[in-house]
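S.K.: My questions concern the predicted model and sequence given below.
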Amino acid sequence: MSAEDDTDLIDSFRSLYQEYYDEQIRTLADKHPDRRSLYVDWHDIEEFDAEIAEGYVNNPDQYRQRAEKALQLFGHSVEADLEQANVRLQNPPERTEINIREIQSDDKSKLITTRGIVREATEVRTILQHAAFECQRCGTLTYVDQHNNAPQKPYECRGCEQQGPFVLVEDESEFVDSRRFTIAEDPNTLPEDAKIGIIDVSLEDDIVDEANAGDVIQLTGVIHLEQTEKDGMPVFEPYVEAHSVDRLTDASEREMLSMPPNNIPDPDIEVYVGTAVQVEATTSKELHPPFDEAATKVKLVTPFVEALGWNIVDNNYVQLGYTTDRTDKKADYALFSGGREPPDVIIEVEEFGEPLDSGSRHSDREYSEPKRRLFEKLQVFSAEWGVLTDGFEFRVFRNRRDNIDDIASFGMNDLPNSVIEHLQPSNLLDTTLDGVDEALTKKPPENTEPQATSGRVIQTGKDETSNKIRDIIRSKQDSFPNGVPVEKAVDYGSWKTEASRKEVREYIERLKKRGSVYEPADGRLRVP
């Protein structure tokens, strides 16, 4: 695109905004930076200029950049700083719709619309978006857009034209919230013999909280390739950079899942076992992409949970990546028979084929590492039942106040009816379990406290993170004589530690209560 064409396109977007989105942009300006996105309907663009609408479909990244530049310029006319505002496309034409299983590397840079169930979601992290590097020879700042985890330095200084050395200047750099989803097609919607499609989704800025594990979503985005490594060779896998995400309504969820209202699928263990045995027979470590933990969850464990009768899309009953504000541990699956906390069942998943039982000595009993993790989560989350599985082998445990009992150990081909029936939501609150000692059927008291050893481990980790955040604030004080802005502290803390932005704010509040950090002015922080 020539410079002249580029200018014409930006001017066209400004005219589009004037005609269709003047009121929305003024509202955005009033609420910025709490709101940072303008949502533009593709059909509005088509009505305004069909050629531009077609160009947006064919070159989505390029056209989005021009649309955002036009939004910045339009902001000047309403005396608003919209430099960091996003333009997010909605309702693209039907021809962009694609099933996840159909996405290939050849689709790179294409605009697509797809839908699926969020199987896994990472915590929100702060990443470097636009990095400012200071040349150590002449002091000139050079800015570089970032696209990878490791900071990408400039090739040469734009001042002295020397190749460094460069130092990252955090105060002049821009950071953004980031999150990753893994989404998958629902097995109930697939044609016979079709494989379940799975793909990663990258979200940035103000859409990172649009959905969580277990939600059914429809997203619009662009296919990009991400380099990984297999057997020492570079491999490029497609992923979706999300432009907009819509959590589907309850009616849309039922339509997608072919479920009548208020109906939980009937348990069908025999059909599930047949499917799982077929998966097991056709799976090997040489598969590409590899049959990893994510594939184990999607192809084996989630169908198992559904076959038991659990409504996988209802977060009141099934939560993936479950946690609470009192711990940093996460359960792969948490099942709630009464729709309220604490969970009744915690499921810990290992990659298909990984051993469940081999491990090290722990407290004079031999525990595998997977068992140890499950037992800690049973205590922390006060769950009565625990299941450890690789999708084909199962270990079932029951949490009592003073001990965790080994209830059953079995493979896919010999699922015991007594255990399966008890793990179904309709039976989970019953007080009997065929074939199990009656002494094991007594429910542990509500709100069972975590074991002291687990609590000490968790508390130690939190103290270390608190100290890191305090030290980060102290290191930035010289740059901010009136105190480090809270949002800057959150940016630095999330970037430098493993904590999410929400968690960093909680750490800061605890530091303030302890007197380790104080506010010399509203919204400013200092360390005594």
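M.R.: In hand now; what should we look at? Residues are numbered from 1 along each chain as shown.
S.K.: Do a quick rundown of the helices in the stretch 51-200 of the chain.
M.R.: In the stretch 51-200 of the chain, helices defined by DSSP state H, counting those that start in this stretch lie at 60-77, listed in chain order.
S.K.: Spatially nearest residue to Gly523, not counting backbone neighbours?
M.R.: Val486 (5.2 Å; CB to CB, 6 or more residues apart in numbering). From N, CA and C alone the C-beta is placed, and that goes for glycine too.
S.K.: residues near that neighbour, how many?
M.R.: Residues lying near Val486 (other CB atoms under 10 Å) number 17.
S.K.: pLDDT score assigned to it?
M.R.: pLDDT recorded at Val486 is 85.
S.K.: Contacts only, for it.
M.R.: If you count contacts by CB atoms under 8 Å, 6 or more residues apart in numbering, Val486 has them with 505, 508, 523-525.
S.K.: Would you mind measuring from the residue nearest to Lys110 when sequence neighbours are not counted to Arg247?
M.R.: Setting aside the residues directly before and after it, Lys110 is nearest to Ile223 in space (CB to CB, 6+ apart), at 5.2 Å. Relative to Arg247, Ile223 is positioned 22 Å away (CB to CB, to the nearest Å).
S.K.: Check Thr140 too.
M.R.: Distance check for Thr140 against Arg247: by CB to CB, it reads 46 Å.
S.K.: Looking at the contacts of Val486, which is nearest Gly386?
M.R.: Distance to Gly386, by CB to CB, is smallest for Arg505 among the contacts of Val486, at 32.1 Å.
S.K.: what number of residues lie near that closest one?
M.R.: Counted with other CB under 10 Å, Arg505 comes out at 18.
S.K.: Also the one 10 residues further on?
M.R.: Neighbour count for Gly515, taken as other CB under 10 Å: 8.
S.K.: Ok, Lys153 next?
M.R.: Using other CB under 10 Å, Lys153 is surrounded by 16 other residues.
S.K.: Find the residue closest to it in space, skipping its chain neighbours.
M.R.: Phe166 is the one closest to Lys153 (CB to CB, 6+ apart), at 5.0 Å.
S.K.: cool, Arg66 as well?
M.R.: Among residues not flanking Arg66 along the chain, Leu9 sits closest, at 4.8 Å (CB to CB, 6+ apart).
S.K.: Just give me the residue right at the centre of this protein.
M.R.: With distances taken as CA atoms, centre = their mean, Ala121 lies nearest the centre of the chain, 2.3 Å away.
S.K.: So what sits opposite it in the bridge?
M.R.: Phe181 (DSSP bridges).
S.K.: In contact with it, which residues?
M.R.: Here Ala121 is in contact with 179-182, 211-213, 320-321 (criterion: CB under 8 Å, 6+ apart).
S.K.: For Thr327, state which of the contacts of Val486 is nearest.
M.R.: Using CB to CB, these come closest to Thr327 at Arg505, 17.3 Å.
S.K.: Looking at the host helix or strand of that closest one now, give me its mean pLDDT.
M.R.: Using DSSP states H and E, Arg505 maps to helix 501-514. Mean per-residue pLDDT for helix 501-514: 84.
S.K.: to the chain's geometric centre, what's the distance from that helix?
M.R.: 22 Å (CA atoms, centre = their mean, to the nearest Å).
S.K.: that older thread, compare Ile223 and Arg247 (neighbour count), which wins?
M.R.: For Ile223 and Arg247, the more surrounded residue by other CB under 10 Å is Ile223, and the numbers stand at 22 against 15.
S.K.: so that one, which of the three states?
M.R.: strand (DSSP: H, G, I helix; E, B strand; the rest coil).
S.K.: what about Asp406, distance to Leu374?
M.R.: Noted for Asp406: a distance of 11 Å to Leu374, by CB to CB.
S.K.: Please work out how many residues are found near Asp344.
M.R.: 20.
S.K.: now Phe236
M.R.: Phe236: 11 neighbours (other CB under 10 Å).
S.K.: which stretches of the stretch 401-528 of the chain have low pLDDT?
M.R.: Judged by pLDDT under 70, the stretch 401-528 of the chain has its weakly predicted residues at 401-402, 412-462, 479, 495, 498.
S.K.: how about the helices in it?
M.R.: Using DSSP H, counting those that start in this stretch, helices in the stretch 401-528 of the chain cover 417-422, 452-476, 486-496, 501-514.
S.K.: now the stretch 201-350 of the chain
M.R.: Using DSSP H, counting those that start in this stretch, the helices assigned to the stretch 201-350 of the chain run over residues 250-257, 269-281, 293-296, 302-308.
S.K.: Once you drop chain neighbours, what's closest to Asp405?
M.R.: Arg398 (4.9 Å).
S.K.: How much space separates the closest residue to Gln84 other than its chain neighbours from Phe336?
M.R.: Distances taken as CB to CB, 6+ apart place Arg36 nearest to Gln84, at 6.3 Å, with adjacent residues excluded. Distance of Arg36 to Phe336, given as CB to CB: 34 Å.
S.K.: Have a look at the two and say which one is more surrounded.
M.R.: Phe336 (22 against 17).
S.K.: doesn't Gln319 make contact with the more buried one?
M.R.: Yes. If you go by CB atoms under 8 Å, Phe336 and Gln319 touch, sitting 7.5 Å apart.
S.K.: Overlap in contacts, these two.
M.R.: Pro343.
S.K.: Mutual contacts of Asp406 and Leu374, please.
M.R.: Common contact partners of Asp406 and Leu374 (CB under 8 Å, 6+ apart): Phe397.
S.K.: who's more crowded, those two?
M.R.: More crowded of Asp406 and Leu374, by other CB under 10 Å: Leu374, with 29 against 10.
S.K.: Which residue comes closest to that one once chain neighbours are left out?
M.R.: Computed as CB to CB, 6+ apart, the closest residue to Leu374 that is not its neighbour in sequence is Glu348, at 4.1 Å.
S.K.: Check whether the one you found really touches Pro370, as I assumed.
M.R.: Yes. Between Glu348 and Pro370 there is a contact under CB under 8 Å: 6.1 Å.
S.K.: which one of those two has more residues nearby?
M.R.: Using other CB under 10 Å as the criterion, Glu348 and Pro370 rank with Glu348 on top: 24 against 21.
S.K.: got a pLDDT number for that one?
M.R.: At Glu348, the pLDDT value in this model is 94.
S.K.: partner residues bridging it?
M.R.: Leu388.
S.K.: and it, what does it touch?
M.R.: 331-332, 370, 373-374, 377, 386-389.
S.K.: Next one: it from Gln218, what distance?
M.R.: 31 Å.
S.K.: What sits closest to Asn315 if chain neighbours are left out?
M.R.: Gly214 (5.1 Å).
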